[in-house]
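# Give me coordinates for this.
(one chain, ligands or ions: 1)
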Amino acid sequence: MLKIGLLGAGRIGRVHAINIVGNGRSQLAAVSDVNEVAARSLADAYGAKATSSEAILSDASIDAVLIATSTDTHSDMIEKATAAGKAVLCEKPVDLSLERAQRCLDAVIKTNVPVMIGFNRRFDPNFSAIKASIASGEIGKPELLSITSFDPAPPPVAYVKVSGGLFRDMMIHDFDMANFLMGDLPKTVHAAGTSIVDPEIGKAGDVDTAVVTLTYADGRIAVIKNSRRAVYGYDQRVEVLGSEGLLSAGNVLENTVSKATKQGVISAKPEFFFLERYMRAYAAEWDAFVAAILDGAAIPVSLKDGVAALALAEAATASAKSGQTVSLA
Ligand SMILES: NC(=O)c1ccc[n+]([C@@H]2O[C@H](COP(=O)([O-])OP(=O)(O)OC[C@H]3O[C@@H](n4cnc5c(N)ncnc54)[C@H](O)[C@@H]3O)[C@@H](O)[C@H]2O)c1
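Model prediction:
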C-alpha cells in the first residue's frame, strides 16, 4: 500500500483525492493546504490527517506526494519532496519559468527519485487509442497533426493574472499532446494570439484565442487551436493525418441521444469542462503512477516531458508577442 501526502486541497486536489482512495493500492494519509479549512475538510472526508507540507515531507511513513498546489509553488515542492525521498506526481505546468523548471530537473536527476507530471490527457481513452494506433503503424507516418482545445468560458481575470498566460496554463496540455503523438520535439514555433473573447484578459497582458504552428525537422507540421470560449461546451478534438490514413477523436457528449426532425439532426453538447470530460483520465493517470512506483513500471510522463512542454509554451508566448517564428535549440 502506497501512503500518500496530498499537497493542495483545491479544485484538482479534490479530484486526485478521489482517485488515491479509489485505486486500492494507495492510501490518502495526509493533506496539506495553506487554507487550513480546505485541508481539514478534504482530510476528514477520507479519514486522512490534515497537517503542514513540511510535516508531510518529514514523515518517514509517507511514500509519495501528489502536488496539486498553485503553479508558482511546483518547482520548489518537487525539489523539497524528492530531496526527502518521496516519489512525486505533480500537476502541470512544472513552473511559470522555463529556467526555474530546468533547474528543478537538474536537481531531481541527482536524487534519482521518480517524478511524474500530470498531463492527464495522455490517459484519456480516445487520445491513448490514437497514440496506440500511431505506434502500431496503422496510419503510416503521422504528417499533419491538428489539435482543437476550447474551454467553455474564460476564467476570472484574477486567475489569468497568476496563471502564466494561456500558453503556459492552457495550451501546455496541447504542447504535451503534440510531443506525445508526434514522438518528437518541433524545430520551430509560430504563434498568433488575440484577446477577442474578453478585452480585460488583453489588458492583463494575456490572450484568450490563439493558433500555434509547430514544424518538425523532417518536414511534418502540427497546428494547435485554443479558445477560452466555446458556448456549446468543452471542445477537445484531435486529428492525425498519416501517410497511410487518418485518425480522429471527437468530443465526448453528455449523452448519446440523437434527435432527427424536419428541422435537422441534433445531438447533445460535449461534456461541460475538464472535471467532466477527463474524470476517467485522472483516474487512469493515478493508476499509472501507482503501477510505476509499486511494480517498477516506467514513469509514463516524466519531468523532462514537463520541461519540454514548458519550453514550447515559452517559445509560443514570445512568438505571439513578437510576431516572429521562434527556433528551438
Ligand atoms: N491537469 C489538469 O487538468 C489540471 C486541472 C486544473 C488545475 N491543474 C493545475 O493544478 C494546480 C492547482 O489548480 P487548482 O485549479 O486546483 O487551483 P486551486 O486554487 O483550486 O487549488 C490550489 C490550492 O493550493 C493551495 N496552495 C497554494 N499554495 C500553497 C502552498 N505553498 N502550500 C500548500 N497549499 C498551497 C491553495 O490554498 C489552494 O487550495 C495548478 O497548477 C493548475 O495548473 C491541472
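# Let's test this: name the helix or strand in the protein with the lowest mean pLDDT.
helix 157-163 (a mean of 93; mean pLDDT, DSSP states H and E).
# How far away from the center of its chain is the next helix or strand after it?
Going down the chain from helix 157-163, the next helix or strand is helix 166-169, by DSSP states H and E. Centroid displacement of helix 166-169 relative to its chain, using CA atoms, centre = their mean, to the nearest Å, is 11 Å.
# Need the residues that contact the helix or strand following helix 166-169.
Proceeding N to C from helix 166-169, the next assigned helix or strand is helix 172-182, under DSSP H and E. Applying CB atoms under 8 Å, 6 or more residues apart in numbering, the external contacts of helix 172-182 come out as 92-93, 119, 121-122, 127, 130-131, 134, 142, 145, 147, 149, 167, 185-186, 212, 214, 216, 220, 222, 224, 226, 238, 240, 301, 305-306, 308-310, 312-313, 316. Yep, even glycine has a C-beta here, placed from its N, CA and C like the rest.
# try stretch 68-85
With CB under 8 Å, 6+ apart, stretch 68-85 has contacts from 6-10, 12-13, 16, 33, 53, 57-58, 65, 67, 88, 90-91, 93-96, 100-101, 103-104, 107-108, 111, 113, 115, 162-164, 168-169, 303.
# Quick one: buried ones out of the residues you listed?
For the contacts of stretch 68-85, a burial check counting by 16 or more other CB atoms under 10 Å picks out 6-9, 12-13, 16, 33, 53, 57, 65, 67, 88, 90-91, 93-96, 100-101, 104, 108, 113, 115, 163-164, 168-169, 303.
# Going through the contacts of helix 172-182, which ones are buried?
Looks like these have 92-93, 119, 121-122, 127, 130-131, 134, 142, 145, 147, 149, 167, 185-186, 212, 214, 216, 220, 222, 224, 226, 238, 240, 301, 305-306, 308-310, 312-313, 316 buried, using 16+ other CB under 10 Å.
# Can you say which of the residues you listed are also within reach of the ligand?
Filtering these for proximity to the ligand (criterion: CB under 6 Å from any ligand atom) leaves Lys92.
# my read: Gly306 touches Leu89, true?
No - counting by CB atoms under 8 Å, Leu89 is not a contact partner of Gly306; they are 11.1 Å apart.
# which residues are common contacts for the two?
Ile117.
# if we can go back for a sec, quick one: which of the contacts of stretch 68-85 sit in strands?
Counting by DSSP state E, these place 6-7, 65, 67, 88, 90-91, 115 in strands.
# Please name the residues that touch the residue located most distally from the centre of the chain.
In the chain, Lys262 marks the outermost C-alpha relative to the chain mean, sitting 42.0 Å out by CA atoms, centre = their mean. By CB under 8 Å, 6+ apart, Lys262 lies in contact with nothing.
# Backbone dihedrals for it, please?
Main-chain dihedrals, Lys262, degrees, to the nearest 10: phi -60, psi -30.
# cool, Lys203 as well?
According to degrees, to the nearest 10, Lys203 has phi -60, psi -30.
# Could you report the neighbour count for it?
11 (other CB atoms under 10 Å).
# for the residue of the stretch 1-150 of the chain found nearest the ligand, what are its contacts?
Residue nearest to the ligand within the stretch 1-150 of the chain (CB to the nearest ligand atom): Gly10, separated by 1.8 Å. Applying CB under 8 Å, 6+ apart, we find Gly10 in contact with 33, 38, 68-70.
# Would you mind measuring from it to Ser41?
12 Å (CB to CB, to the nearest Å).
# Next: Phe123.
Distance from Phe123 to Ser41, by CB to CB: 27 Å.
# higher neighbour count, the two?
Phe123 (21 against 15).
# What about the more buried one? Give its phi and psi, please.
Per degrees, to the nearest 10, the backbone of Phe123 is at phi -100, psi 0.
# Now do the contacts for it.
280-282, 284-285, 288.
# The residue lying closest to it once chain neighbours are set aside - how many residues pack around it?
Spatially, and ignoring its direct neighbours in sequence, Phe123 is nearest to Ala284 (3.8 Å; CB to CB, 6 or more residues apart in numbering). Applying other CB under 10 Å, we find 19 residues neighbouring Ala284.
# So Ala284, which state does it fall into?
helix (DSSP: H, G, I helix; E, B strand; the rest coil).
# got it, and His190?
strand.
# Can you name the helix or strand that the nearest residue to Arg100 once chain neighbours are set aside falls in?
Closest residue in space to Arg100, ignoring its immediate chain neighbours: Ser75 at 5.1 Å, by CB to CB, 6+ apart. Per DSSP H and E, Ser75 falls inside helix 74-83.
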